[in-house]
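Asker: coords below, sequence missing:
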């Protein structure tokens with residue numbers, strides 16, 4: 001645990017007395033993807049000393065967990081309430097890197113936090129781009145192709161390399177000096193196991209996301225849609241943490257359909273599902289890769305949505321739809337996310353052979369797009385960066 005000293009977050013020293021790599025992953029999905037990269041890198045380079053600000057999966061992969069950042073992760077307007085906390089955290093991470101001088105810091109996703117840390121390392125002269133001893137690396141590129149494209153120039157100034165998980169992303173940096181390499185999507189890694197699988201006789205999956213604010217707005221609609229669909233089969237909702245499980249339990253208790261919806265932690269044996277209603281995010285891509293027919297929904301607070309509409313310049317919010325350049329999961333956003341509309345999607349997914357076959361073919365194309373190139377995995381990329 002981290003002690004609070006004079007109003008700031010004090011991170012512990014490296015357990016081994018020195019550190020090669022610091023990982024910063026602030027979300028559940030980033031924790032999972034970073035953990036796979038670290039586990040593979042440590043298997044290929046057993047002496048690699050890794051510290052992390054992340055979550056339990058990074059700890060299980062052999063990293064010394066300095067602080068769990070996945071607890072109470074927030075987004076959008078809700079972040080404003082925690083600005084002082086994040087400023088203190090950024091300052092402490094920068095101080096820690098300056099003191100312990102890892103060979104590299106690898107930021108994982110979460111650009112709102114991580115790009116500020118990268119700038120802090122540069123401004124203090126700790127990063128390699130500023131003449132310091134520590135490389136600043138980034139795994140899972142910020143979605144500059146969707147919004148705030150100008151960030152790429154600051155990234156080129158502050159970072160030494162980026163590992164991208166979508167094949168079209170390196171082209172988005174073509175007008176900068178920043179080295180960007182497509183390393184394949186972590187869902188397609190050889191040792192990756194999807195948490196879901198398609199089964200025409202399986203359950204209905206309800207996936208409201210991993211952030212409290214979104215879960216609170218999306219899950220009640222999913223419950224009502226499940227009830228309205230009259231599917232006659234059980235439903236399962238997956239949760240990434242005990243915090244989200246507690247929230248789901250409360251929302252279930254307030255719903256007439258709640259007693260027919262089971263809760264299950266992400267991981268272990270894959271959940272076999274015939275159809276899915278999912279919030280946008282990593283789980284929606286996992287379901288799409290597994291060939292589970294479904295629909296995508298998203299609801300957030302009005303201010304966050306309004307600002308997002310001003311910034312985001314893509315046709316779809318679902319990454320499977322973006323990659324395929326066509327609709328795999330119909331999208332129902334904000335007011336369009338009604339129980340009736342989503343229930344109609346569920347019924348079609350369960351009853352239409354044409355819909356199931358189309359989803360199967362789209363899933364095969366999607367998996368082909370996401371496989372790692374011949375240069376290797378994210379772990380191979382990371383070890384190359386550490387060796388140069």
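Answerer: Arrived safely, thanks for sending. Because the structure is a prediction, the values reported are computed rather than measured.
Asker: per the record, what domains does this protein have?
Answerer: Taking automatic domain parsing as the criterion, the chain consists of the domains 3-186+372-387, 196-370.
Asker: who's in contact with residue 21?
Answerer: If a contact means C-beta atoms under 8 Å, 6 or more residues apart in numbering, then residue 21 has 38, 48, 49, 50, 51, 102, 103, 104, 105, 106, 382, 386 as its contacts. All C-beta atoms are positioned from the backbone trio N, CA, C, and that covers glycine.
Asker: and it, bridged to which residues?
Answerer: Judged by DSSP bridges, the bridge partners of residue 21 are residue 50, residue 104.
Asker: which of the contacts of residue 21 lies closest to residue 250?
Answerer: residue 38 (34.3 Å; C-beta to C-beta).
Asker: ok, the closest one to residue 54 distance?
Answerer: According to C-beta to C-beta, to the nearest Å, residue 38 stands 9 Å off from residue 54.
Asker: Now list whatever residues contact both of these two.
Answerer: Jointly contacting residue 38 and residue 54 under the rule C-beta under 8 Å, 6+ apart are 23, 63.
Asker: can you pull out the helices in the stretch 201-350 of the chain?
Answerer: Listed in chain order, the helices of the stretch 201-350 of the chain (DSSP state H, counting those that start in this stretch) span residues 212-229, 242-253, 282-289, 302-311, 319-324, 339-351.
Asker: hang on, the earlier thing: would you convert the domains of the chain into CSV that also reports mean pLDDT?
Answerer: CSV is the format used below for the domains of the chain (pLDDT from 0 to 100):
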stretch, mean pLDDT
domain 3-186+372-387, 90
domain 196-370, 91
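Asker: And the strands in the stretch 101-250 of the chain, which stretches?
Answerer: Using DSSP state E, counting those that start in this stretch, the strands assigned to the stretch 101-250 of the chain run over residues 104-108, 135-139, 161-164, 180-182, 196-207, 235-239.
Asker: just the ones you listed: most buried one?
Answerer: Comparing the strands of the stretch 101-250 of the chain by mean neighbour count (mean count of other C-beta atoms under 10 Å), strand 104-108 comes out on top with a mean of 27.
Asker: Let me know the angle separating it from strand 135-139.
Answerer: Between strand 104-108 and strand 135-139, the angle comes out at 20 degrees (axes from the mean of the first three to the mean of the last three C-alpha atoms, to 10 degrees).
Asker: now strand 104-108, how far from the chain's geometric center?
Answerer: Counting by C-alpha atoms, centre = their mean, to the nearest Å, strand 104-108 is centred 15 Å from the centre of its parent chain.
Asker: what helices or strands is it leaning on?
Answerer: In terms of contacts (3 or more C-beta pairs under 8 Å, 6 or more residues apart in numbering; DSSP states H and E), strand 104-108 is packed against strand 21-25, helix 28-44, helix 111-123, strand 135-139, helix 378-387.
Asker: Between the ones you listed, which one is closest to residue 329.
Answerer: Nearest of those to residue 329, taken as C-beta to C-beta: helix 28-44 at 17.6 Å.
Asker: Distance from that closest one to the middle of the chain?
Answerer: Centroid separation for helix 28-44 versus its chain: 13 Å, with C-alpha atoms, centre = their mean.
Asker: Provide the contact partners of that helix at residue level.
Answerer: So helix 28-44 is in contact with 21, 23, 25, 48, 50, 52, 54-58, 60-63, 70, 73, 106, 108-110, 139-140, 186, 189, 191-192, 210, 240-241, 281-282, 377-380, 382-383, going by C-beta under 8 Å, 6+ apart.
Asker: and the residues you listed, which are buried?
Answerer: Buried subset of the contacts of helix 28-44 (neighbour count, 16 or more other C-beta atoms under 10 Å): 21, 23, 25, 48, 50, 52, 54-58, 61-63, 70, 73, 106, 108-110, 139-140, 186, 189, 210, 240-241, 281-282, 377-380, 382-383.
Asker: who touches the residue lying closest to residue 137 once chain neighbours are set aside in this structure?
Answerer: Distance criterion C-beta to C-beta, 6 or more residues apart in numbering; nearest residue to residue 137, sequence neighbours excluded, is residue 106 at 4.5 Å. Going by C-beta under 8 Å, 6+ apart, residue 106 touches 21, 22, 23, 24, 34, 137, 138, 139, 382.
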